[in-house]
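In: Mind looking at a prediction? Sequence and model below.
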Amino acid sequence: MIYSYFPGCTLKNKAKDLDLYARESAKALGFELEEIPEWQCCGGVYPLASDEIATKLPSVRALADAKSKGQDLITVCSACHHVIKRVNDDMANVNDIQTRVNNYMGLDEPYLGETTVLHYLEVLRDRVGFDELAKKVTNPLTGRKIGAYYGCLLLRPSATMQFDDPENPTILEDFIRAIGAEPVVYAMRNECCGGYVSLKAKDQAESMVDRVLSSAKAKGAEELITACPLCMYNLTKNCKGEGMKVSYFTELLAEALGIKEVQS
């Protein structure tokens, strides 16, 4: 199976491991990520102004490109997934935005939200299947107690994202089990880390990070995984107290598949 792939800006620099191991693991699992040519930054933040279309255009270009190839569109970065999924919903359901975007872009065929947008984790769960993933694990991460950090962008708004239960998600815990480790469920796993306020309100971001880490440690987590480069930065750079090892979920996937050496 070939999927159109939108990597996003951060995966080309600060989050190269998130991208590299997503690509390599896909090969091992039997699907292909075909990077969209000449993609543009998604903007990183979904524009809330109802009359704003300019910052939605890069997402629509990527979505229309995937549609032209008859492919679903995969993202890995939580922020990119959030923006593109919500823009796609606009293009499917908001007539004013549909009309204005298509008039501006002058596509050969109007884009009306036809592309299916999937996060890489959804491909593992719904297309590959966690049972099948478990069968392909060659280096199970036995004995590692791993907390899933969802953050806020993957889960909300739930009616649009349709990723998992926003109050009690399970997809990352199921992923952790599939790669042979022990998932640790803790209260703050789906709460915001404060990433978007880390520059202008560093103290507030630090407090939010410390609450997440303290919650995870109290339940026995020894490390965390995330799909969000912004969360990765905040969880590792903006904690006042003792930190914790944080990895991208694709790194641990690659370890379990024998692509990347298991970390001690």
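Out: Received, thanks.

In: how about the strands of the stretch 151-264 of the chain, start to end?
Out: Along the stretch 151-264 of the chain, the stretches classed as strands by DSSP state E, counting those that start in this stretch are 182-184, 223-226, 245-248.

In: So which of the ones you listed is the most surrounded?
Out: Of the strands of the stretch 151-264 of the chain, the one with the most neighbours on average (mean count of other Cβ atoms under 10 Å) is strand 223-226, at a mean of 24. Bear in mind the C-beta positions are built from the backbone N, C-alpha and C, glycine included.

In: where does that strand sit relative to the chain's centre, distance-wise?
Out: 13 Å (Cα atoms, centre = their mean, to the nearest Å).

In: what helix or strand does S4 sit in?
Out: strand 2-6 (DSSP states H and E).

In: and that strand, what does it pack onto?
Out: With contacts taken as 3 or more Cβ pairs under 8 Å, 6 or more residues apart in numbering; DSSP states H and E, strand 2-6 sits against strand 32-35, helix 57-69, strand 73-75.

In: can I get the strands of the stretch 151-264 of the chain in JSON lines with mean pLDDT and distance to T160?
Out: Below are the strands of the stretch 151-264 of the chain laid out as JSON lines (pLDDT from 0 to 100; distance: least, Cβ to Cβ, whole Å):
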{"stretch": "strand 182-184", "mean pLDDT": "98", "distance to T160": "26"}
{"stretch": "strand 223-226", "mean pLDDT": "98", "distance to T160": "21"}
{"stretch": "strand 245-248", "mean pLDDT": "98", "distance to T160": "24"}
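
In: need those in JSON lines with distance to V87, can you?
Out: Formatted as JSON lines, the strands of the stretch 151-264 of the chain follow (distance: least, Cβ to Cβ, whole Å):
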{"stretch": "strand 182-184", "distance to V87": "32"}
{"stretch": "strand 223-226", "distance to V87": "23"}
{"stretch": "strand 245-248", "distance to V87": "24"}
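
In: right, so of those strands, which gets closest to L154?
Out: With Cβ to Cβ as the criterion, L154 lies closest to strand 223-226 of the strands of the stretch 151-264 of the chain, at 9.6 Å.

In: What residues sit buried inside stretch 26-36?
Out: Buried residues in stretch 26-36, counting neighbours by 16 or more other Cβ atoms under 10 Å, are found at 26, 28-29, 31, 33, 36.

In: circling back to that earlier point, the inter-axis angle of the helix or strand following the strand holding S4 versus strand 2-6?
Out: Next helix or strand after strand 2-6 toward the C-terminus (DSSP H and E): helix 16-29. For helix 16-29 against strand 2-6, the angle by axes from the mean of the first three to the mean of the last three Cα atoms, to 10 degrees is 180 degrees.

In: show me what contacts the residue nearest the centre of the chain?
Out: Geometric centre of the chain, nearest residue: S78, 3.0 Å, by Cα atoms, centre = their mean. Taking Cβ atoms under 8 Å, 6 or more residues apart in numbering, we find S78 in contact with 119, 151, 153-154, 226-231.

In: Just put those residues in TSV and tack on distance to D65.
Out: Putting the contacts of S78 into TSV (distance: Cβ to Cβ, whole Å) gives the following:
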residue	distance to D65
H119	18
G151	28
L153	23
L154	23
T226	28
A227	23
C228	24
P229	23
L230	25
C231	28
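
In: Most widely separated two among these?
Out: Using Cβ to Cβ, the pair of these lying farthest apart is H119 and L230, separated by 15.4 Å.

In: ok, Y150 to K260 distance?
Out: Remark: distance between Y150 and K260 (Cβ to Cβ, to the nearest Å) = 23 Å.

In: again, but for L20
Out: L20 is 9 Å from K260, where distance means Cβ to Cβ.

In: Kindly report the same for L48.
Out: 38 Å.
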